[in-house]
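Colleague: what follows is a predicted structure for the sequence shown.
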2 protein chains.
Amino acid sequence: MAVTLADVAAHAKVSSATVSRVLSGNYPVSEATRARVLRAVNELDYVVNGPASALAAATSDLVGILVNDIADPFFGIIAGAVQSEIAGLPGGGGKLAVVCNTGGSPERELTYLTLLQRQRAAAVVVTGGAAEGAGHAAAVAAKLGRLTAAGTRVVLCGRPPLPHSGDGEPAVTTLAFDNRGGAQRLTEHLLALGHRRIGYVTGPPDRTTTRHRLEGHRAALAAAGLTEGSERLTVHGSFDRASGYDATLELLRREPGLTAVVAANDTIALGAFAALRDRGLRIPEDVSVAGFDDLPFSADAVPALTTVRLPLQDAGARAGRLAMDRETAPPGGVATIRAELMVRASTAPPR
Amino acid sequence: MAVTLADVAAHAKVSSATVSRVLSGNYPVSEATRARVLRAVNELDYVVNGPASALAAATSDLVGILVNDIADPFFGIIAGAVQSEIAGLPGGGGKLAVVCNTGGSPERELTYLTLLQRQRAAAVVVTGGAAEGAGHAAAVAAKLGRLTAAGTRVVLCGRPPLPHSGDGEPAVTTLAFDNRGGAQRLTEHLLALGHRRIGYVTGPPDRTTTRHRLEGHRAALAAAGLTEGSERLTVHGSFDRASGYDATLELLRREPGLTAVVAANDTIALGAFAALRDRGLRIPEDVSVAGFDDLPFSADAVPALTTVRLPLQDAGARAGRLAMDRETAPPGGVATIRAELMVRASTAPPR
DNA sequence: CTGTTAGCGCATTCAG
DNA sequence: CTGAATGCGCTAACAG
């Protein structure tokens, strides 16, 4: 079959232990034999057997990055940043950073976590909002606990911290986004412009991201004394454009006098744009629209989208460094990442 | 340390071989003992040691998906499709589909391929255009050859076939995009509208995607007798929005009388949109713009972008099935995927 | 149907 | 500095 350590050893006329040592480089070996071994490695085109090496050393160089939707730039940007921080080290860092697409399914998330645990992954970075259903949150927390117990470093990025498990420093480090605060400031902006009939288009109800952003939105409304009918002006769907389109139409049906639509993310906002246009409504003259995340395309929308900026790139990079233990964890293991309001052309005073 | 097969065996009062058999399920075991083993597994919270299992079985359940830029929806869509075809099987298929971000760097591509080879990956799907520089093409071809020789299934998706290595059925299956044909039809469309001064904004020169799309473009120009100055009207950059913006400005500098801009992909086209607008030019009244790929946001651009549609989702899913050996390879190992011209509002006759 | 027995390829003691 | 020997945890014959 494939060429093994022993083959290289024979070829270089040394013991397999020596070959192992020059390859891992963490042990003194004379320059002469090192060169001889290296030459043999090249001549034979030898590639280490990962499983065997992982088994013997009881560690692996796999690092998993879990995302909810790999086709969504929100996750693509975070994952890319995490990954370049890990694989971008001089020499590649020796780590294999891989991204796993859960599709937002809690079962798939658990499956991937188990698979990563099987592989004895060196670290796991879980990105994006979590499902809140039934036992899922607990199951995920338990699984992550087992991973850390087994020596895998766990970092949460863009996800709220796990329920505190008690004693001392938490084993998992969290970089949480200030979804609630960002959403609140966004709606305050609309309120300040004079809007009173504001629709809200969001994703699935049982996700932390959905809930937190909605809470921020409602907190702003409540502070302005607008507690009435906010339920009726909220439409749930999924975090994509098509859903934003449909939900906006539904909103218009429920409240034709709408003057503003707040979308739970930029992609949904794009769908809202299209729906409003198809209804012959101008943005922002007839209806203002706002998003969340500030993905790259948002500044290019026509009109440019008012939104809340999340430093996805920075957060991802930091999560990557945390996973590689190249940065010290924030006090308490949790850092909240600030969201910044970006006022652009898609919001204006109501007519 | 962690709980092992032997622990489970002891707990269930059977041999470790029996435990292994119920876990892998590919061997008859009595219902009674199977239940007992399963209970022991749960009680002890046992998780298979992946490396050990891979070592003993000489196979792994890892499937690698290589992409040039994970933050680009073009790759996100393909990767998502490949992945759901692999992990979406009933029971998860048992395979761990992971995506690796090469960042378009040939070195990183090779590094990942080696890492995957180390892990004895079950399959590798390489997506997107290839670097054409110096020895890279040969190095990648050689590496892929070694992977197939080691039993790893290799599928190319959206990448031209490897140079034929000779005898019989090629070991690597290729799903190539008809970049040349698509680009040619797109430029023919512009020509038919009456455009004669057409600028071309594209990515790095040493990539197959860049070259093939450019060749298609020039073939159309040549067929119309427009051989003059096409060099001057071509600006290279990278495949992103910022580059499209800058390159369009450069184009305008070189040829103020431009009536159309063809971008090598939709993202670049978005940059061109912004640049033209900033120069006070209307689309398509003053300048027509066209893209390539038909990413989701293209239909939402204002005006809607004329582009060439690539069935990314379908291609990715098919690549995934091919990688899992759930679909027979096309004759000759190579299938060319058709690109479809999508005429929308961003192109019109010149003034 | 179930238990026993060998390795899989490598990292690491432990001697030299 | 280098070689020989041991075992990581599991699967796959091979017997019973």
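Modeller: It's in.

Colleague: low-confidence ranges in the stretch 201-350 of chain A?
Modeller: Applying pLDDT under 70 to the stretch 201-350 of chain A picks out no residues at all.

Colleague: for chain B, what's its nearest residue on it.
Modeller: In the stretch 201-350 of chain A, the residue found nearest to chain B is residue A:302; the distance is 4.0 Å by CB to the nearest CB. C-beta here means a position set from N, CA and C on the backbone, and glycine is covered the same way.

Colleague: host element of the spatially closest residue to that residue that is not a sequence neighbour?
Modeller: Once flanking residues are discounted, residue A:302 sits nearest to residue B:302: 4.0 Å by CB to CB, 6 or more residues apart in numbering or on different chains. Residue B:302 belongs to no helix or strand when assigned by DSSP states H and E.

Colleague: burial check on residue B:302, number of neighbours?
Modeller: 16 (other CB atoms under 10 Å in any protein chain shown).

Colleague: ramachandran angles for the residue most central in space within chain A?
Modeller: Nearest to the geometric centre of chain A sits residue A:127, at 2.8 Å (CA atoms, centre = their mean). Backbone torsions for residue A:127, taken as degrees, to the nearest 10, come to phi -110, psi 160.

Colleague: residues touching it, list them.
Modeller: A:65-68, A:75, A:78-79, A:82, A:156-159, A:316, A:319 (CB atoms under 8 Å, 6 or more residues apart in numbering or on different chains).

Colleague: are any of those residues buried, and which?
Modeller: A:65-68, A:75, A:78-79, A:82, A:156-159, A:316, A:319 (16 or more other CB atoms under 10 Å in any protein chain shown).

Colleague: name the nearest of those residues relative to residue B:229.
Modeller: Closest approach between those and residue B:229, by CB to CB: residue A:79, at 42.0 Å.

Colleague: what's the per-residue pLDDT of the closest one here?
Modeller: In this model, residue A:79 is scored at 97, pLDDT.

Colleague: the closest residue to residue A:162 other than its chain neighbours: which element?
Modeller: Nearest non-adjacent residue to residue A:162, counting by CB to CB, 6+ apart: residue A:141, 4.9 Å away. If you go by DSSP H and E, residue A:141 is part of helix A:136-149.

Colleague: outside of the helix or strand that comes right after that helix itself, list whatever touches it.
Modeller: Using DSSP H and E, the helix or strand that directly follows helix A:136-149 along the chain is strand A:153-157. Strand A:153-157 is contacted by residues A:78, A:82, A:122-128, A:144, A:147-148, A:162, A:171-176, A:315-316, A:318-319, A:322-323, A:325 when judged by CB under 8 Å, 6+ apart.

Colleague: do that again at 7 Å, thanks
Modeller: Contact partners of strand A:153-157, identified using CB atoms under 7 Å, 6 or more residues apart in numbering or on different chains, comprise A:78, A:122-127, A:144, A:147-148, A:171-175, A:315-316, A:319, A:322-323, A:325.

Colleague: next, the residue of the stretch 151-300 of chain A found nearest DNA strand D: phi, psi?
Modeller: Per CB to the nearest atom of the strand, residue A:151 is where the stretch 151-300 of chain A lies closest to DNA strand D, at 12.2 Å. Dihedral pair for residue A:151: phi 100, psi 0, per degrees, to the nearest 10.

Colleague: ends of stretch A:301-312, how far apart?
Modeller: 19 Å (CA to CA, to the nearest Å).

Colleague: mind listing what's buried in it?
Modeller: A:301, A:302, A:303, A:305, A:306, A:307, A:308, A:309, A:310, A:311, A:312.

Colleague: equivalent analysis for stretch A:286-304, please.
Modeller: Buried residues in stretch A:286-304 (16+ other CB under 10 Å): A:287-298, A:300-303.

Colleague: my read is that the residue nearest to residue A:302 contacts residue A:300, right?
Modeller: No: Residue B:302 is beyond contact range of residue A:300, at 9.5 Å (criterion: CB atoms under 7 Å).

Colleague: just to revisit the earlier point, from the contacts of residue A:127, pick the one nearest DNA strand C.
Modeller: After measuring the contacts of residue A:127 against DNA strand C - CB to the nearest atom of the strand - the closest member comes out as residue A:65, at 24.4 Å.

Colleague: residues touching the nearest residue to that closest one once chain neighbours are set aside, list them.
Modeller: Leaving aside its chain neighbours, residue A:65 sits nearest to residue A:99 (4.4 Å; criterion: CB to CB, 6+ apart). Neighbouring residues of residue A:99 by CB under 7 Å, 6+ apart: A:65, A:67, A:70, A:79, A:83, B:70, B:98, B:99.

Colleague: okay, and which of the residues you listed map to helices?
Modeller: A:79, A:83 (DSSP state H).

Colleague: now, the contacts of residue A:99 that are in strands?
Modeller: Here DSSP state E is the test, and those give A:65, A:67, B:98, B:99 as lying in strands.

Colleague: check contacts around residue A:181.
Modeller: Going by CB under 7 Å, 6+ apart, the list of residues near residue A:181 reads A:216, A:339.

Colleague: quick one: pLDDT of it?
Modeller: Predicted confidence (pLDDT) for residue A:181: 98.

Colleague: can I get whichever strand or helix holds it in PDB, CA atoms only?
Modeller: Residue A:181 is part of helix A:179-193 when elements are defined by DSSP H and E. What follows is helix A:179-193, C-alpha atoms only, in PDB (Å, rounded to 0.1, in the frame of the first residue of the first chain):
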ATOM      1  CA  ASN A 179     -27.800  41.800  19.000                       C
ATOM      2  CA  ARG A 180     -30.200  43.200  21.500                       C
ATOM      3  CA  GLY A 181     -28.400  46.500  21.800                       C
ATOM      4  CA  GLY A 182     -27.900  46.900  18.100                       C
ATOM      5  CA  ALA A 183     -31.500  46.200  17.300                       C
ATOM      6  CA  GLN A 184     -32.600  48.600  19.900                       C
ATOM      7  CA  ARG A 185     -30.500  51.400  18.600                       C
ATOM      8  CA  LEU A 186     -31.700  50.700  15.100                       C
ATOM      9  CA  THR A 187     -35.400  51.000  16.000                       C
ATOM     10  CA  GLU A 188     -34.700  54.100  18.100                       C
ATOM     11  CA  HIS A 189     -33.300  55.600  14.900                       C
ATOM     12  CA  LEU A 190     -36.500  54.900  13.100                       C
ATOM     13  CA  LEU A 191     -38.500  56.200  16.000                       C
ATOM     14  CA  ALA A 192     -36.500  59.400  16.000                       C
ATOM     15  CA  LEU A 193     -37.300  59.900  12.400                       C
END
